[in-house]
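Trainee: Take this sequence and fold it.
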Amino acid sequence: MQAAWSPVAGCVLPLCVWGSSHAGRVRRKVESPGMLAVARAQVRDVRWLIREPALFAVLLAVAAFLMVFVLLPVIRVLAVPSVEHWMQYLQRAAFIKATRNSLLMAVLSTTSAMSVGFLYAYALVRADIPGKPLFRTVALLPLISPPFVTGLATIQLFGGRRCGAPAPARS
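Mentor: Numbering: from 1, shown residues only. Okay, the predicted model is just below:
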């Protein structure tokens, strides 16, 4: 039996094979020693976490923080209105129109982004174009720009002064 990497679970998961008896009537699960080794490794990981109290406390604090500031507000927003209120809201013409517009924009923007991205990547890989290194660098700009824009927004928010510099005198 083998183990396979699961991108969804983010860990190695055992592969199970279903076999049958000689008569073909009874199906049984065939387990391999690999599955047992994976289970033991996961138990060892949990035991190591318990032996490190500081790390365990930090993980509990992060989990509590996420529960209080992410999960509970979402639950409260969804649970406070009654089912009748939700049904009234979901049947409004404005909500239906906004939902249609949102779905249309999502489909159009996804389609256009995929088309442009595919053509750009295809041209970079297959075509012999001058300035190819420049175009490869330009392809990285969407990865670089969000932190840059956040930095500019922070500078604009705090007035563009240096850290710790006194505020300019007003006349």
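
Trainee: May I have the helix or strand that contains residue 47 as PDB, with CA atoms only?
Mentor: Assigned by DSSP states H and E, residue 47 falls within helix 33-51. Output of helix 33-51 as PDB, limited to C-alpha atoms (Å, rounded to 0.1, in the frame of the first residue of the first chain):
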ATOM      1  CA  PRO A  33       1.800  -1.300   7.100                       C
ATOM      2  CA  GLY A  34       2.200   2.100   5.500                       C
ATOM      3  CA  MET A  35      -1.100   3.200   6.900                       C
ATOM      4  CA  LEU A  36      -0.100   2.200  10.400                       C
ATOM      5  CA  ALA A  37       3.200   4.100  10.100                       C
ATOM      6  CA  VAL A  38       1.400   7.200   9.000                       C
ATOM      7  CA  ALA A  39      -1.000   6.900  12.000                       C
ATOM      8  CA  ARG A  40       1.900   6.400  14.400                       C
ATOM      9  CA  ALA A  41       3.700   9.500  13.000                       C
ATOM     10  CA  GLN A  42       0.600  11.600  13.500                       C
ATOM     11  CA  VAL A  43       0.300  10.400  17.100                       C
ATOM     12  CA  ARG A  44       4.000  11.300  17.600                       C
ATOM     13  CA  ASP A  45       3.300  14.800  16.300                       C
ATOM     14  CA  VAL A  46       0.500  15.300  18.800                       C
ATOM     15  CA  ARG A  47       2.600  14.000  21.700                       C
ATOM     16  CA  TRP A  48       5.500  16.300  20.700                       C
ATOM     17  CA  LEU A  49       3.100  19.200  20.800                       C
ATOM     18  CA  ILE A  50       1.800  18.300  24.300                       C
ATOM     19  CA  ARG A  51       5.500  18.100  25.500                       C
END
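
Trainee: For that helix, buried residues please.
Mentor: 35, 38 (16 or more other CB atoms under 10 Å). (C-beta placed from N, C-alpha, C; glycine too.)

Trainee: Now do the helix or strand that that helix is followed by, average pLDDT.
Mentor: Sequence order places helix 53-66 as the next helix or strand after helix 33-51, per DSSP H and E. For helix 53-66, mean pLDDT rounds to 90.
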